[in-house]
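Q: Build me a model:
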Amino acid sequence: MDRRIQKLIDFTKEKFGLEDYCLERHSLSRSVNIFNETVYTLCMEWFPSYVIEPVDDGSNPEGTAVMEIDVNSQKFKSAIFVMGKTYAKDGIAFANLDTNKIIKWIEAETGLTYGKQFQLHKEAEGEIEFKECFEGVAVSPSGFIDIKFNQKGKLTSFSVHGQFPSKERVKEETYTLSLEAVEHLAKEQLKLIEYPSYEQKKLFSIYGVEEIYVTNDQTSTIPFEFIADVESYLKIDKTIYWEDPINRPFGRQEISWMEDITAEQAFSCEPSPVSFPITKVEQDKCVMAVEDLLRQEYPNDTGKWMLKTLHRDKGYIHAIVRANHHDNRVFQRKLMIMIDAKSLQAINYMDNKPMLEIFDQFQVPDKATITKEDAFEKMKQLFELKPYYVYDFKQKQYVLCRKIDCQYGVNAESGEVIALDDL
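A: Okay, the predicted model is just below:
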């Protein structure tokens with residue numbers, strides 16, 4: 001075993017008191033963060049010494065310690081004892097379950113400062129959750145720190161997820177934005193959407209707000225996306241046309257997400273291929289690969305699909321393809337096509353059509369009788385303008401924004417103002 005890996009293993013064993021544990025397996029993995037930096041992680045699975053053989057179904061037995069450490073910073077990303085059971089001796093424990101002591105431990109463990117880079121989100125029995133922030137202001141993409149402990153104060157789970165920006169990455173500003181100043185944008189973000197009620201098996205026409213970030217200087221907006229690193233995707237926005245279908249079935253190939261990472265790659269911080277930009281040659285070949293798959297699997301759909309984006313992911317280039325036709329439903333038709341990064345041929349794909357077909361059984365909404373203007377007047381006082389430091393991929397900095405949002409909507413049939421969570 002590489003001596004540097006062994007050093008991390010020994011460090012983990014001592015730190016978490018794993019004297020009564022045996023290292024069952026370990027592996028290296030890598031990922032690329034929003035700053036396009038490659039992060040290498042050593043994952044270790046420690047079995048309690050009483051376990052002679054692994055559980056039949058392949059899962060880890062109760063009390064297993066699963067540890068993940070950043071190879072280069074030597075900071076732990078997670079430390080989880082399966083089923084909340086720990087056999088650690090002289091490991092991590094918090095006397096009197098003192099929240100302030102727990103915060104001090106997190107600060108020492110992560111190098112982060114409470115109140116400046118993370119803040120308390122919620123407390124429950126045996127668990128405290130913190131959210132990422134900058135100087136007390138929420139951050140997007142967001143992160144969290146979660147810590148759990150048993151009644152004796154022994155650590156049973158600790159995980160850190162997010163970027164937690166340093167001062168150098170943030171463009172600090174004094175907040176000046178008001179709702180009146182962005183009222184026109186707020187109105188633009190009000191959309192008529194068909195929300196599904198799974199309880200009532202019905203679609204409701206609701207005026208709801210599509211969240212968006214507005215920069216403090218009001219010069220630009222940043223779309224709210226569920227995919228944190230969406231800006232690292234290469235935008236294509238090309239409608240795919242063809243004249244002739246391909247009359248042979250598409251053969252799906254198995255996808256493997258496993259990478260064989262060497263210690264040399266990890267300790268030298270070798271950039272992951274995922275961090276490299278997609279070249280013009282690769283882009284053109286990916287467009288052809290998408291077209292060929294559509295000609296095989298959707299032969300009569302010429303002009304009905306648009307290739308939106310391309311992005312890399314562990315040996316593949318993923319193509320996101322959306323239907324050109326849009327209705328008012330919350331979920332739209334989408335394909336994800338997996339293209340082999342070496343051959344640049346499509347090898348598999350996912351279609352969300354089966355998920356959308358669930359809504360075909362739902363009762364359709366009645367005709368809308370409320371106008372957008374009426375709905376906006378009803379909701380105007382309910383709009384939220386929350387400050388956020390949002391990572392701007394163009395500036396490569398966090399910039400001060402406000403997120404336009406609303407937890408309520410207006411039923412377009414009845415005019416009733418309703419909480420969206422109640423649907």
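Q: quick one, helices of the stretch 201-350 of the chain?
A: If DSSP state H, counting those that start in this stretch is used as the criterion, the helices of the stretch 201-350 of the chain fall at 263-267, 280-297.
Q: could you dump those helices to CSV with mean pLDDT and distance to K334?
A: (Each C-beta comes from the backbone N, C-alpha and C, glycine too.) Formatted as CSV, the entries for these read as follows, by pLDDT from 0 to 100; distance: least, Cβ to Cβ, whole Å:
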stretch, mean pLDDT, distance to K334
helix 263-267, 97, 34
helix 280-297, 97, 13
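Q: could I get the ones you listed as TSV with distance to G136 and mean neighbour count?
A: Compiled in TSV, the helices of the stretch 201-350 of the chain are given as follows (distance: least, Cβ to Cβ, whole Å; neighbours: other Cβ atoms under 10 Å):
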stretch	distance to G136	mean neighbour count
helix 263-267	35	16
helix 280-297	42	18
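Q: V182 is nearest to which of those helices?
A: Shortest distance between V182 and the helices of the stretch 201-350 of the chain, using Cβ to Cβ, is found for helix 280-297: 35.8 Å.
Q: same for the closest one, what does it pack against?
A: In terms of contact count using 3 or more Cβ pairs under 8 Å, 6 or more residues apart in numbering; DSSP states H and E, helix 280-297 is assigned the packing partners strand 234-240, strand 305-313, strand 316-323, strand 334-340, strand 346-351.
Q: which parts of the shortest one are buried?
A: It refers to strand 346-351. Residues of strand 346-351 classed as buried under the neighbour-count rule (16 or more other Cβ atoms under 10 Å) are A346, I347, N348, Y349.
Q: from those residues, which single one is nearest E107?
A: When the buried residues of strand 346-351 are compared against E107 (criterion: Cβ to Cβ), the nearest one is N348, at 44.4 Å.
Q: Let me see the confidence value for that closest one.
A: Looking at N348, its pLDDT reads 97.
Q: that older thread, of all the helices and strands packed on helix 280-297, which one comes closest to K101?
A: Closest approach to K101 among those is made by strand 305-313 (40.3 Å; Cβ to Cβ).
Q: name the helices or strands packed onto that closest one?
A: Contacts of strand 305-313 with other secondary structure elements, assessed using 3+ Cβ pairs under 8 Å, 6+ apart, are made with strand 234-240, helix 280-297, strand 316-323.
Q: if you set the cut-off to 10 Å instead, what comes out?
A: With contacts defined as 3 or more Cβ pairs under 10 Å, 6 or more residues apart in numbering; DSSP states H and E, strand 305-313 has these neighbours: strand 234-240, helix 280-297, strand 316-323, strand 334-340.
Q: who touches the helix or strand hosting I9?
A: Counting by DSSP states H and E, the secondary-structure element that holds I9 is helix 3-15. Applying Cβ atoms under 10 Å, 6 or more residues apart in numbering, the external contacts of helix 3-15 come out as 1-2, 18-19, 21, 23, 26, 28, 42, 44, 46, 65, 67-71, 74, 76, 79, 88, 90-92, 109, 263-264, 266-267.
Q: Centre of the chain to it, how far?
A: Centroid separation between helix 3-15 and its chain, computed with Cα atoms, centre = their mean, to the nearest Å, is 30 Å.
Q: Tell me who's in contact with V417.
A: Taking Cβ under 10 Å, 6+ apart as the criterion, V417 is in contact with Y207, A375, K378, M379, L382, Y408, G409, V410, N411.
Q: re earlier: out of the buried residues of strand 346-351, which one sits closest to P196?
A: Distances from those to P196 were compared by Cβ to Cβ; the smallest belongs to Y349, at 24.9 Å.
Q: Quick one: residues contacting that closest one.
A: Residues in contact with Y349 (Cβ under 10 Å, 6+ apart) are 250, 252, 290, 293-294, 297, 318-319, 321, 335-339.
Q: repeat that with 7 Å
A: L293, L335, M336, I337, M338 (Cβ atoms under 7 Å, 6 or more residues apart in numbering).
Q: And the residues you listed, which is closest to N100?
A: Nearest member of those to N100, counting by Cβ to Cβ, is M336, at 45.8 Å.
Q: now the closest one: how far from T302?
A: 20 Å (Cβ to Cβ, to the nearest Å).
Q: Over to M379?
A: 41 Å.
Q: More neighbours: which of the two?
A: A count of neighbours by other Cβ atoms under 10 Å puts M379 above the other of M379 and T302, at 20 against 17.
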